[in-house]
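Trainee: sequence first, predicted model second:
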Amino acid sequence: MTTKWDELQQRHDELTNQLGSSSLESSKRNEFQKELSRISELLRSHKKALFFEQQLADSRKQLEATEDPELKQMFQEEVEGLEREHAQAARELDNLLYPPNEHDNRSVFLEIRSGAGGKEAALFAADLLKMYTNYALRQGWKASVESSSTTELGGFREVVLYIKGQDVYGYLKHESGVHRVQRVPETEASGRIHTSTATVAVLPEAQEVDVTIVPSDLRIDVFRASGAGGQHVNTTDSAVRITHIPTGVVVSCQDERSQHKNKAKALKILSSRILAARVEQADARMSLERKAQVGGGTRSEKVRTYNYPQNRVTDHQVELTLKKLDIVMTGYLDEIIDALRDQELRQRKEHVLALKK
């Protein structure tokens, strides 16, 4: 029986032969080259997944067959390592079969704003900033604060973190939403637990081809930067506020002492916010289509709860609870983010299968 992989291999061979012909038209050559590139990538990924699947099966047989404790321990460690590699290879193959969002490979602007809870919410925003910065660095990405507004106690009313790297948006896009913290504030004498919130918005970095900003659509205001807690206060009008009149999007930057640099930063963030709005609209349409086809629901606004007294963190998008909040807050978000990415992949599969019915 011929499988789809056999058919793909046959098509691969056909395209290779056709591309070797000197009489092939240039338009067809470009079309065939693109198709061949995609098929080659699929076949390579499938071969890699099969390799780890076979290696895993062999190691499991050896584990079951041996009685020696030391060998059993060695094979057990080998099986665990191969399970991780096979899972990664299978995910890579699925991402080729069920392609993710076209912006998933982008860097991001991650915006954190304090919500309900006053000073405690601002301190929680600072904790989230540390958590995401540490996670980014652990992933091998670069992270830098692009813009911020601080409070007297060292919290943030608003902070924009730029994270540069491969597939950052694909990993972090599900962080957007309301994050809720439950803990006893340092200023609370009675030991009463307070609930505060912060909002997170993850914006894929816009490229020039994504968003066209007409200068006449912008209102640019300059003002004197200010800071809290003894921070530098500019004596010149270097801070910049840009309003995109058609959409009403407003961006302010004051971290740099140069008006020119603040304006450049603000324009980059503005472009990404406009792009993010378009992505959100497209995702909303996709969500409605998916709901009609496979019965899936939309994501709740409250994405995660951080309970300090119980050392517990719960992600409400995948209903995952971990009893190691202290570790998560140092940037070890892997279990949560992997679960979110796995859920999204399942939804993509369901959507594609529903379209084929």
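Mentor: That came through fine.
Trainee: shouldn't residue 78 be within a helix?
Mentor: Yes. Under DSSP: H, G, I helix; E, B strand; the rest coil, residue 78 sits within a helix.
Trainee: which helix or strand contains the residue nearest to it when sequence neighbours are not counted?
Mentor: Excluding the flanking residues, the one nearest residue 78 by Cβ to Cβ, 6 or more residues apart in numbering is residue 59, at 4.9 Å. For every residue, glycine as well, the C-beta is placed using N, CA and C. Using DSSP states H and E, residue 59 falls within helix 26-65.
Trainee: how about residue 305?
Mentor: strand 302-307.
Trainee: buried residues, stretch 8-28. List them.
Mentor: For stretch 8-28, a neighbour-count test (16 or more other Cβ atoms under 10 Å) marks 8, 12, 15 as buried.
Trainee: what of stretch 141-151?
Mentor: 141, 143, 146, 147, 148, 149, 150, 151.
Trainee: now do it: everything it contacts.
Mentor: By Cβ atoms under 8 Å, 6 or more residues apart in numbering, the residues outside stretch 141-151 that reach it are 107, 109, 119, 122, 129, 132-133, 136-137, 156-165, 168, 227-229, 231, 251-255, 265-266, 268-269.
Trainee: map the structural domains onto the sequence of this protein.
Mentor: The record assigns the chain these domain ranges, following automatic domain parsing: 4-97, 101-205+303-357, 212-293.
Trainee: any chance of the ones you listed in TSV with mean pLDDT as columns?
Mentor: Converted to TSV, these look like this (pLDDT from 0 to 100):
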stretch	mean pLDDT
domain 4-97	90
domain 101-205+303-357	91
domain 212-293	70
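Trainee: surely residue 197 touches residue 177?
Mentor: No. Between residue 197 and residue 177 there is no contact under Cβ atoms under 8 Å: 10.2 Å.
Trainee: the stretch 151-300 of the chain: helices as residue ranges?
Mentor: 168-172, 259-294 (DSSP state H, counting those that start in this stretch).
Trainee: number of residues surrounding the residue nearest to residue 274 when sequence neighbours are not counted?
Mentor: Among residues not flanking residue 274 along the chain, residue 211 sits closest, at 5.1 Å (Cβ to Cβ, 6+ apart). A count of nearby residues for residue 211, using other Cβ atoms under 10 Å, gives 16.
Trainee: okay then, goodbye and thanks.
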